[in-house]
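**Q** Need the 3D shape of this:
(one chain, ligands or ions: 1)
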Amino acid sequence: MHLALHQGIVTYEPTELVITARSGTPLSAIEAALAGERQMLGFEPPRFGDGATLGGTIACGFSGPRRPFAGAARDFVLGVKMINGKAEVLSFGGQVMKNVAGYDVSRLLCGSLGTLGVILEVSLKVLPTPASELTVTFELSANDAIVRMNEWAAQPLPLSGACYSEDTLYIRLSGTETAVKAAHARLGGDVHKKGSEYWTNVKEHRREFFGGSTPLWRLSVPPAAMMLDLPGKWTLDWGGAQRWLKSDAAPEVIRRAATSAGGQATLFRGAIAGTPRFHPLPPAMQALQQRIKHALDPAGLFNCALSQEMIGECPTHTKMKAAGRVL
Ligand SMILES: Cc1cc2nc3c(=O)[nH]c(=O)nc-3n(C[C@H](O)[C@H](O)[C@H](O)COP(=O)(O)OP(=O)(O)OC[C@H]3O[C@@H](n4cnc5c(N)ncnc54)[C@H](O)[C@@H]3O)c2cc1C
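**A** So this is what the prediction gives:
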């Protein structure tokens with residue numbers, strides 16, 4: 001499926017803080033248009049290269065370091081237009097926040113990785129670019145950093161990033177100049193002169209930590225969970241909720257540790273034979289996701305192999321396939 005030609009900003013109303021664009025629009029084009037009005041995508045999505053499109057970003061459900069403080073990609077999606085597996089063009093949501101009657105399909109498409117249909121257009125809420133930004137650092141142990149990140153996240157501080165890497169806690173403050181100065185005075189910490197570069201490199205996985213051939217795992221856990229007893233190197237983003245682990249440990253050991261901390265582990269980069277990329281779903285959740293897949297794509301047209309990896313074989317689809325009624 002090649003959607004790169006289906007591009008262009010359909011409407012952009014800076015005074016309404018809403019943009020609607022076709023799915024093949026490069027993320028860079030959207031961010032450039034917003035920057036021209038001193039606005040931005042609040043979920044700070046990574047691009048992982050030059051080619052990232054709006055549709056791909058929403059389908060991957062990607063959000064950057066600002067996610068715990070501003071919201072995730074799905075929190076900014078106001079509406080979508082899509083084609084489902086029955087070749088129906090459907091529109092969900094709209095261009096305002098209170099737009100959901102019934103099932104919230106637009107937000108369901110975030111992270112669906114193209115398994116439920118083709119996203120044609122997306123409407124997003126956007127945010128004003130903060131007037132001032134400052135990054136401060138603290139040398140701490142990982143567990144002390146987790147405690148601090150959680151303490152500060154619960155306070156009325158203008159936080160927009162909290163990440164721990166290589167024995168250092170990086171805190172980003174964003175807002176008015178007065179608010180940022182006051183927060184710095186309260187928290188202390190050393191001013192990091194290359195703060196903006198640091199957050200871009202974390203977001204885009206350009207730091208040395210993210211390179212190399214050791215498998216990269218993404219652990220999604222409650223932010224207050226203390227360090228998991230797993231071998232490897234860590235980067236803790238999202239105030240402790242998104243933990244990147246570079247480790248050769250056995251996949252089942254990593255997944256067991258993530259589960260017992262109340263989370264899950266995705267093999268984000270690097271293939272391991274016999275290991276599914278996605279954390280196995282509990283049976284009730286798996287059945288629900290299979291029903292959603294079947295409702296939107298009964299013939300299994302969209303990313304079927306990936307879909308099976310994510311949610312397992314859909315029993316209805318298997319039955320229909322055996323009867324020769326679907327692909
Ligand atoms: C688990 C995981 C690991 C990743 N690892 C890396 C990595 O190591 N390096 C890297 O550079 N990037 C990585 N990515 C990012 C990804 O490959 C793309 O770079 C990024 O999603 C944007 O590219 P794109 O817009 O060209 O989308 P694509 O790469 O073309 O597609 C990304 C996903 O979105 C779906 N999709 C795209 N457009 C639409 C649409 N209009 N409607 C519905 N579905 C759509 C596709 O089916 C696919 O599942 C990873 C993504 C995931 C989910």
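**Q** what residue ranges in the stretch 201-327 of the chain are flagged as low confidence?
**A** Within the stretch 201-327 of the chain, the stretches with pLDDT under 70 are 313-321, 325-327.
**Q** Show me which residues of it sit near the ligand.
**A** 266, 268-269, 303 (CB under 6 Å from any ligand atom). To be clear about C-beta, it is placed using only N, CA and C from the backbone, and glycine gets the same treatment.
**Q** Quick check on those residues: which are buried?
**A** With burial judged by 16 or more other CB atoms under 10 Å, the buried subset of those is 266, 269, 303.
**Q** Please name the nearest non-neighbouring residue to the second one.
**A** In other words, residue 269. Counting by CB to CB, 6 or more residues apart in numbering, residue 269 lies nearest to residue 216, which is 4.0 Å off, once chain neighbours are set aside.
**Q** List the residues that contact the residue in the stretch 201-327 of the chain positioned nearest to the ligand.
**A** Of all residues in the stretch 201-327 of the chain, residue 269 sits closest to the ligand, at 4.1 Å by CB to the nearest ligand atom. Residues in contact with residue 269 (CB atoms under 8 Å, 6 or more residues apart in numbering) are 210, 215-216.
**Q** any idea which helix or strand comes after whatever helix or strand residue 287 lives in?
**A** Using DSSP states H and E, residue 287 maps to helix 283-296. Counting by DSSP H and E, the next helix or strand C-terminal to helix 283-296 is helix 304-311.
**Q** report the angle between the axes of that following helix and helix 283-296?
**A** Helix 304-311 and helix 283-296 meet at an angle of 150 degrees, taking axes from the mean of the first three to the mean of the last three CA atoms, to 10 degrees as the criterion.
**Q** And helix 304-311, what does it pack against?
**A** Where contact means 3 or more CB pairs under 8 Å, 6 or more residues apart in numbering; DSSP states H and E, helix 304-311 is packed against helix 283-296.
**Q** related to what we said a few turns ago, bridging residues for the residue nearest to residue 269?
**A** residue 246, residue 269 (DSSP bridges).
**Q** Strands of the stretch 101-250 of the chain, start to end?
**A** Here the stretch 101-250 of the chain has its strands, by DSSP state E, counting those that start in this stretch, at 118-125, 127-128, 132-139, 159-165, 168-175, 190-191, 216-220, 233-237, 242-246.
**Q** residue contacts, residue 27?
**A** So residue 27 contacts 45, 47, 52-54, 57 (CB under 8 Å, 6+ apart).
**Q** Can you say which of the strands of the stretch 101-250 of the chain is packed in most?
**A** The highest average neighbour count among the strands of the stretch 101-250 of the chain, using mean count of other CB atoms under 10 Å, belongs to strand 159-165 at a mean of 24.
**Q** Check the offset of it from the chain's centre.
**A** 15 Å (CA atoms, centre = their mean, to the nearest Å).
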